[in-house]
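Colleague: Following is a predicted model, sequence given first.
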Amino acid sequence: MEAVQFIGKKSGRTLYRFVMSGDEYAETHDEGAGGCVMCGAEVCGGVEPDARKYECEVCGGNGVYGLEELLLMGYIRLVDEAGAE
């Protein structure tokens, strides 16, 4: 999972989206993974798929979301192994 920085339209803050393959999504989904939209940290376990605003151990912000929630919010872009959408 790769974190990509962008500027939020409403907030004007720097946020992060994640890019991953469909296979990587399936593997990490079963492990309880998530990601922090505030700092781009990947959380490798203990996150419910529908988690919202969990505290991040890296930045301390409430920006950790489960993989399903990130996908629904448009914060995950699925690509094939070659990097194409």
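Modeller: Nice, thanks for sending it over.

Colleague: dump the residue contacts of residue 52.
Modeller: 65, 66, 69 (Cβ atoms under 8 Å, 6 or more residues apart in numbering). Quick note: C-beta positions are derived from backbone N, CA and C, even for glycine.

Colleague: one more time with 7 Å
Modeller: By Cβ atoms under 7 Å, 6 or more residues apart in numbering, the residues touching residue 52 are 65, 69.

Colleague: and what of residue 28?
Modeller: 1, 67.

Colleague: before we move on, what about residue 50?
Modeller: 66, 68, 69.

Colleague: spatially speaking, which residue is in the middle of this protein?
Modeller: Nearest to the mean C-alpha position of the chain, by Cα atoms, centre = their mean, lies residue 35 at 3.6 Å.

Colleague: Who does that one form a beta bridge with?
Modeller: Beta-bridge partners for residue 35, by DSSP bridges, are residue 42, residue 65.

Colleague: Give me the sheet partners of the top strand by length along the chain and which way each runs.
Modeller: The longest strand of the chain (DSSP state E) is strand 14-21. Next to strand 14-21 in the sheet, as set by DSSP bridges, lie strand 2-7 (antiparallel), strand 76-79 (parallel).

Colleague: Return the distance of the last one from the chain's centre.
Modeller: In other words, strand 76-79. 10 Å (Cα atoms, centre = their mean, to the nearest Å).

Colleague: ok, and what's touching it?
Modeller: With Cβ under 7 Å, 6+ apart, strand 76-79 has contacts from 17, 18, 19, 20, 21, 22, 25, 67, 70, 85.

Colleague: Check which residues of that strand are buried.
Modeller: Going by neighbour count (16 or more other Cβ atoms under 10 Å), the buried part of strand 76-79 is residue 76.

Colleague: Can you dump the C-alpha atoms of it in CSV for me?
Modeller: Written as CSV, here are the backbone C-alpha positions of strand 76-79 (Å, rounded to 0.1, in the frame of the first residue of the first chain):
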residue,chain,number,x,y,z
ILE,A,76,-8.1,3.9,-2.1
ARG,A,77,-7.3,3.6,-5.7
LEU,A,78,-7.1,0.0,-6.9
VAL,A,79,-4.6,-0.7,-9.7
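
Colleague: Many thanks, have a good one.
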